[in-house]
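Undergrad: sharing a model prediction with you, sequence too.
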Amino acid sequence: MHYQSKLDYMINFINQRNSICPCNNLHKVLYLQAEVAVREGKTLDAIVLLDESIKEAKNNQFIQYEAMANETLGKIWHSLGRQIYAQKHFRQAVALYEEWGSSFKLDSLSLHFSEYLNVEKKKTVKEIDSNLMKNGNSDGEEETERMSPMDVQLMVKMSEAISVEMSLEQMLDSMMRLIIENAGAQKGMFLLGENEGDLLLVAEGDVDQMNVNSLRAVPLYSLMNYPHQVINYVARTKKMVITGSSNENDSGFVGSNNAKSVLCAPIMKNNQFRGVIYLENNLLNDAFSEKRVKSVNLIAAQMVVHLENAKFSQLLESEKKFKVLATELETVKKGLEEFIDVLCHELRNPLNGIYGSKQLMEDQLHKFRDHFIQCPVKSAENLSVLGHLGELEDMLGAISTSSDHLKDIVDTVLNASMVNRKIQLNHVLFNPKEIVAKVGLMYKAKFKEKSLDFFTKFPEKEVFVMGDPQRLTQILVNIVSNAIKFVEVGGITIEFYHTIEEDDLILHFAVRDTGIGMTDEEISKLFKPFTQANSSIQSRYGGSGLGLKISKEIIEEMGGTVRLESEKGVGTSCFFTVICKTPGTNISETLKRKRERFSLTEPEETPSTKRVQLRTSLQGHILVVEDNRINQKLLQKILEGGGYTSEVAHNGKEAYDLVVSSFKEDKTSPFQAILMDFEMPVMTGIEATQKIRQFEDSNSIPHIPIIGVSANAREAHSELAYSIGMNSYLTKPFQKQDIFTAIQTTKRKES
């Protein structure tokens, strides 16, 4: 009667689940109803129900239930003496069990129903049970040839736990409770084996309260007051331990944990150790028997399978989320880069106006000062004007300082966006001595302003190398700009020498300053992004903490190293190396002769003499392509001051039309060069350059040098400029000398 009430309860329970998900549960309902019909003697009803259960299991691909229903139906026909029908279902059951991989069921059917399967009896029931205990039943098939009511109930409960939609923790909770209830235990633990050999406590508790933690399982070795001895023994030997008062040899295990009965068994799957199941009973001696071990192993093996499947699913889900996140981050990154491009472009355009106006005002002030100084009459009015000119120069100096600071901020924003970007290196021929001289010239005004000295130490013999002069310049600029902030007295010295190792030419640089110096702790904080030596540096000296970080990355990308030596109150020395390649002898000599021929060394004449020489040496007609009227006027004024005439086109289309119409019959153009802005309405500078080059090539006309002018400092833009046929590229804001140098350089290249 008790079994009948349990069976009725399970039918009702699964019926409720069946109303939610029939495809997972209807075949179970039909099978259980058939069991009830058999007990009530309604054989025909049982046959119909089993036949329907087979169809439902087959349709939804539940092989084990289809096999089980066929086996039960075969037994019914066998009891009715209908051998033909019995043979059909037994053979179908064997085929399905074979597909499912249940060797125990195959042996059981072969033993008891061999007349239907054309096989000889090979094993006894006792032999099957013995083999089952010996092998640990790794496939999880724990059914005997005739299921007891308790086994049927356990099987239904386990199937319910597996098939019902629930979380992994809920399923493990249900299965652990089944193990404890079925084995007659009070407490239980499920431990999962890891590849490293550790055991993780996944679930523990009793029927009333179970603690399951599949994702953050705790290693057994980190827990106190747990039965480590017996669990570790089973994990090491892969042997089952059952203890109680009747087993004196195992009393040590029991006594160590104050439990009267213990069952501790290895969980084996495919002949591999997967974990340990531990059960105990503190009330009864010999509470556990080998008869119940089979069902315990069955459920424990299923728990391992589901844990492994869950881990794999979590891995796939994590990978999917990672891909989605990576895509989103890439989108954000591109959006940020576009924003920085626009920001830098919008800031550099007005900066270019400030720079240009400042330089033109400096020229005008110099003219006025020269005029009044050379005036023979030193009247009070003249002296007053000279005083006002001095005030104007001071205000102009303030504008210059502010614009330089704003340019540094723009460069910092651009550098910040490039911190994690792969550095691209060029390999061209250059003279390191000229790079150092260029850096010194860039900071000449700053040295003069702070009354500092600037020294250089070079080898007597010039050396030419193959490498990236732009990156080397960036390294030195970052180091010198960082050093000059902290020097109030003394100065800065740059020195270098080189060594040769096979085809590599190693440049050794040292930048020494007489600044405030640093402690070892402060040095350790440098070369990290957005980090400075101490908290007072930012407020007193400014800076973003990015320059040295970027310099270190460039140096390492060029195969070199960098280190700092410093003494508080004495100064700091920065030592770094970069690896270049040795050029051929012929290349070095040719470049040296060219540089001597086209030397741009600064003469020592007066400013007035310089301007006269500039006008006489740099003359020509320049086409200015610019949509911003302020920049148009500034460029024309700068060119006029250098002895050039100019003509303006407001967009790329006007520039193209002017170039096409300007060519004479002898295929010459009045334009010595074109200053081409990038971003313009109607037609961009990129499109205009491409059309001009197409026109020149199709008509066999020599190329007019085109100098790209843009507020975008990204390398990609400079690369684009050269790829479409531009001869040079200037980034706003620029100095007027940059324009003259670019025009003269492109002229030489074309010649």
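TA: Yep, it's here. Numbering: from 1, shown residues only.

Undergrad: in the host helix or strand of Y116, what counts as buried?
TA: Element membership for Y116, per DSSP states H and E: helix 114-117. In terms of neighbour count (16 or more other C-beta atoms under 10 Å), helix 114-117 has its buried residues at Y116, L117. C-beta: built from backbone N, CA, C; applies to glycine.

Undergrad: pull it out as CSV, backbone CA atoms only.
TA: What follows is helix 114-117, C-alpha atoms only, in CSV (Å, rounded to 0.1, in the frame of the first residue of the first chain):
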residue,chain,number,x,y,z
SER,A,114,18.4,-15.5,-24.6
GLU,A,115,15.7,-17.6,-26.4
TYR,A,116,14.5,-14.4,-28.0
LEU,A,117,17.9,-13.0,-28.8
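
Undergrad: can you give me how far that helix is from the chain middle?
TA: 63 Å (C-alpha atoms, centre = their mean, to the nearest Å).

Undergrad: who touches that helix?
TA: The contact list for helix 114-117 (C-beta atoms under 8 Å, 6 or more residues apart in numbering) reads G74, H78, Q83, A86, Q87, F90, R91, V94, L109, S110, E120, K121.

Undergrad: could I get the full set of helices for the stretch 101-250 of the chain?
TA: 103-112, 114-117, 125-135, 149-163, 168-183, 228-237 (DSSP state H, counting those that start in this stretch).

Undergrad: and those helices, which one's lowest on average pLDDT?
TA: Of all those, helix 125-135 carries the lowest average pLDDT, namely a mean of 42.

Undergrad: quick check, pLDDT for T689.
TA: So T689 comes in at 93 (pLDDT).

Undergrad: which ones are touching it?
TA: M676, I706, G708, I724, G725, M726.

Undergrad: what secondary structure does it sit in?
TA: helix (DSSP: H, G, I helix; E, B strand; the rest coil).

Undergrad: burial count for the nearest residue to it once chain neighbours are set aside?
TA: Leaving aside its chain neighbours, T689 sits nearest to I724 (5.2 Å; criterion: C-beta to C-beta, 6 or more residues apart in numbering). When neighbours are defined as other C-beta atoms under 10 Å, I724 has 17 of them.

Undergrad: what does N282 give?
TA: As a measure of burial, N282 has 14 neighbours, counting by other C-beta under 10 Å.

Undergrad: in this structure, which helix is the longest?
TA: In the chain, assigned by DSSP state H, the helix with the most residues is helix 290-374.

Undergrad: before we move on, the earlier item: put the buried members of the contacts of helix 114-117 into a ChimeraX selection.
TA: Filtering those down to the buried ones (16+ other C-beta under 10 Å) takes a single ChimeraX command:
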select :74,78,86,87,90,91,94,109,110
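
Undergrad: pick the one among the contacts of helix 114-117 closest to Y226.
TA: Closest approach to Y226 among the contacts of helix 114-117 (C-beta to C-beta): L109, at 43.0 Å.

Undergrad: for D697, see how far away the closest residue in space to the closest one that isn't next to it in sequence is.
TA: Spatial nearest neighbour of L109, chain neighbours left out: V94 (5.7 Å); criterion: C-beta to C-beta, 6+ apart. Look at V94 and D697: by C-beta to C-beta, to the nearest Å, they are 82 Å apart.

Undergrad: please apply the same query to E290.
TA: Taking C-beta to C-beta, one finds E290 at 93 Å from D697.

Undergrad: test my guess that the residue nearest to T689 contacts G685.
TA: No - in this structure I724 lies outside contact range of G685 using C-beta atoms under 8 Å: 9.3 Å.

Undergrad: wait, what's in contact with the nearest residue in space to K653 that is not next to it in sequence?
TA: The shortest distance from K653 to any non-neighbouring residue, by C-beta to C-beta, 6+ apart, is to M683 (4.2 Å). By C-beta under 8 Å, 6+ apart, M683 lies in contact with N651, G652, K653, A655, Y656.

Undergrad: give me phi/psi at the second one?
TA: The main-chain torsion angles of G652 are listed as degrees, to the nearest 10 and equal phi -60, psi -30.

Undergrad: measure it to D677 for me?
TA: Taken as C-beta to C-beta, the span from G652 to D677 is 9 Å.

Undergrad: ok, which stretches of the stretch 501-650 of the chain are helices?
TA: 520-525, 535-541, 547-557, 585-597, 607-617, 629-641.

Undergrad: the residue nearest to L109 touches D107, doesn't it?
TA: No - between V94 and D107 there is no contact under C-beta under 8 Å: 10.7 Å.

Undergrad: for E462, give me phi and psi.
TA: phi -70, psi 150.

Undergrad: check what pLDDT it gets.
TA: pLDDT for E462: 85.

Undergrad: can you report how many residues lie near it?
TA: Quick note: E462 (other C-beta under 10 Å) scores 14 neighbours.

Undergrad: how far away is L30 from E280?
TA: 39 Å.

Undergrad: please apply the same query to L80.
TA: For L80, the distance to E280 - C-beta to C-beta - is 47 Å.

Undergrad: the more surrounded of the two?
TA: Each of L80 and E280 has its neighbours counted (other C-beta under 10 Å); E280 has more, 24 against 12.

Undergrad: from D208, how far out is that one?
TA: 15 Å.

Undergrad: do the same with F663
TA: Applying C-beta to C-beta to F663 and D208 gives a distance of 98 Å.

Undergrad: neighbour count: these two, which is higher?
TA: Neighbours per residue, other C-beta under 10 Å: of F663 and D208, the larger number sits with F663, 17 against 7.

Undergrad: wouldn't that one be in contact with P702 here?
TA: No - using C-beta under 8 Å, F663 makes no contact with P702, being 10.0 Å away.

Undergrad: can you tell me which of the contacts of helix 114-117 is closest to K333?
TA: Checking the contacts of helix 114-117 one by one against K333 (C-beta to C-beta), the nearest turns out to be V94, at 60.8 Å.

Undergrad: distance check, D370 against Q735.
TA: In terms of C-beta to C-beta, D370 sits 21 Å off from Q735.

Undergrad: let me know the pLDDT of the residue nearest to the spatial centre of the chain.
TA: Using C-alpha atoms, centre = their mean, the residue of the chain that lies closest to the mean C-alpha position is A326, 7.2 Å off. Reading off the confidence values, A326 has pLDDT 81.

Undergrad: what about K6, distance to N12?
TA: For K6, the distance to N12 - C-beta to C-beta - is 11 Å.

Undergrad: with E337 instead?
TA: Using C-beta to C-beta, E337 is found at 64 Å from N12.

Undergrad: E330 too?
TA: 54 Å.

Undergrad: before we move on, what about V570?
TA: 90 Å.

Undergrad: which of the two has more neighbours?
TA: Taking neighbours as other C-beta under 10 Å, V570 and N12 compare with V570 leading, 13 against 10.

Undergrad: ok, the more buried one - contacts?
TA: T514, G517.

Undergrad: again with M518
TA: With C-beta under 8 Å, 6+ apart, M518 has these contacts: L526, A533, L564, S566, K568, T572.

Undergrad: for the residues you listed, work out which two are farthest apart.
TA: Taking C-beta to C-beta, no two of those sit farther apart than L526 and K568, at 14.6 Å.

Undergrad: who's more crowded, these two?
TA: Each of L526 and K568 has its neighbours counted (other C-beta under 10 Å); L526 has more, 21 against 12.

Undergrad: can I assume the more buried one is in contact with V562?
TA: No - using C-beta under 8 Å, L526 is not in contact with V562; the gap is 9.9 Å.
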